[in-house]
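# no sequence on this one, just coordinates:
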Ligand SMILES: NC(=O)c1ccc[n+]([C@@H]2O[C@H](COP(=O)([O-])OP(=O)(O)OC[C@H]3O[C@@H](n4cnc5c(N)ncnc54)[C@H](OP(=O)(O)O)[C@@H]3O)[C@@H](O)[C@H]2O)c1
C-alpha cells in the first residue's frame, strides 16, 4: 500500500477518524489535502504531517465553501486522485415526533449531500485519468435502524446508496467507490461518554472492546489503495463483530 505522491483529499480531517487515516496515508507517502472547519486543528495536523500536507478550511455543508476548498487543493497538489469523504456529525438524540426538521435538513446536508458534491467535483479529473478511488464513511446506521436519530440513520443509509451508485456508474472509468462502516471507534466524542456507558457499549461488542482509529485506518488505507483494485461498491465494517451478531 504505497501512496507515493498520490493526491488524496480527506474531509473531516481535523480530528478522530479523518485525522487518523490522514496520518497513516501521510506515513505511506500520500500528498494530502485536509478539509474541515477548525483552522487551528488543521494547522496542527499540517505541522505534524509535513510539507506534503495542506489544510483547507470549509464547512462541507456549504457547497460554495466545499467547492472552493477542493479547487484550492487541486491548485496546490494537482488533480485529486482519491477522496476520503469522512466529515460527518451525529446530531442530537430526540424522539421522532419532536425531531427538529431544520436539524434533519442540516444533518442530511453535512452527512450526505456534501459527499455527492465532493464526488461530483473530483470525478471529472478521475475520468480524465481513467483512475480514481473514493471512500465514504458510513456507520452501523448505514445498515441498521436506531431510535431517536432519524436524520443520522437516513443520511448514513444514504451515503451507502450513493457509494453504490457511484461505484456502478464509474466502474467503466476505473474509478472505485466503497463505504467504510465504523463500529464503536474510540475518538474524542466516544471518550466523552460517561465510563459506565462506555462499559455498556463495550459489552455489546463481541470482541468486548471499542476499536481504535489506527485499526480503522488500516482498512481505509487498503480500500483507497491499488491493493483493492478490483474492490468497488462494497461496505466494510470495522466493528469487532457488532453488525453480524445477535444477542442471545
Ligand atoms: N467514531 C465512531 O465510532 C463512529 C461511528 C460511526 C460513524 N462515524 C463517522 O465517522 C466520521 C468521523 O467521525 P469521528 O468519530 O472521527 O468524529 P469527530 O472526531 O467528531 O470528527 C468529525 C470530523 O468531521 C468534521 N466535520 C463535522 N462537520 C463538518 C462540517 N460541517 N464541515 C466540515 N467538516 C466537518 C470535523 O471537523 P471540524 O469540526 O473541524 O469541522 C471533524 O474533523 C463521521 O462521518 C461519523 O459519522 C464514527
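On my side now, so go ahead. Because the structure is a prediction, the values reported are computed rather than measured.

# CA only for contacts and neighbour counts going forward, please
Will do.

# So residue 16 sits against residue 188, correct?
Yes: the pair residue 16 and residue 188 qualifies as a contact (C-alpha atoms under 8 Å) at a distance of 6.7 Å.

# ok, the spatially most central residue of the chain to the ligand distance?
Nearest residue to the geometric centre of the chain (C-alpha atoms, centre = their mean): residue 86, 2.0 Å. For residue 86, the distance to the ligand (C-alpha to the nearest ligand atom, to the nearest Å) stands at 5 Å.

# Of residue 16 and residue 188, give the one with the bigger neighbour count.
Counted by other C-alpha atoms under 10 Å, residue 16 and residue 188 do not tie: residue 16 has more neighbours, with 17 against 11.

# quick check, stretch 97-117 touching the ligand?
Yes: with C-alpha under 6 Å from any ligand atom as the criterion, the ligand is reached by stretch 97-117 at residue 110.

# Quick one: end-to-end distance for that stretch.
With C-alpha to C-alpha, to the nearest Å applied, stretch 97-117 spans 30 Å between its terminal residues.

# Return the distance of that stretch from the chain's centre.
Put simply, stretch 97-117 sits 16 Å off its chain's centre (C-alpha atoms, centre = their mean, to the nearest Å).

# is it true that the residue nearest to the centre of the chain touches residue 139?
No: look at residue 86 against residue 139 with C-alpha under 8 Å: they stay out of range, at 10.6 Å.

# Am I right that residue 104 falls within a helix?
Yes: assessed with DSSP: H, G, I helix; E, B strand; the rest coil, residue 104 lies in a helix.

# Skip the chain neighbours and tell me the closest residue to it.
residue 151 (4.9 Å; C-alpha to C-alpha, 6 or more residues apart in numbering).

# Tell me the helix or strand right after the host helix or strand of that neighbour.
Using DSSP states H and E, residue 151 sits within helix 150-170. Proceeding C-terminally, helix 150-170 gives way to strand 175-182 as the next helix or strand, assigned by DSSP H and E.

# contacts for the next helix-or-strand element following that following strand?
If you walk from strand 175-182 toward the C-terminus, the next helix or strand you reach (DSSP H and E) is helix 188-191. Residues from elsewhere that reach helix 188-191 (C-alpha atoms under 8 Å, 6 or more residues apart in numbering): 16, 184, 198.

# quick one, phi psi at the second one?
The reference is to residue 184. Note on residue 184: its backbone torsions stand at phi -100, psi 100 [degrees, to the nearest 10].

# Now the element after the one helix or strand in the chain whose mean pLDDT sits lowest, going C-ward?
Using mean pLDDT, DSSP states H and E, helix 188-191 stands out as the lowest-scoring helix or strand of the chain, at a mean of 84. Remark: after helix 188-191, the chain's next helix or strand is helix 195-204, criterion DSSP H and E.

# For that following helix, give the mean pLDDT please.
Mean per-residue pLDDT for helix 195-204: 93.

# Check which residues of it are buried.
Buried positions in helix 195-204, judged by neighbour count with 16 or more other C-alpha atoms under 10 Å: 198, 202, 204.

# Dump the residues you listed into a markdown table; add distance to the ligand as well.
What follows is these, written out as a markdown table (distance: C-alpha to the nearest ligand atom, whole Å):
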| residue | distance to the ligand |
| --- | --- |
| 198 | 12 |
| 202 | 12 |
| 204 | 13 |
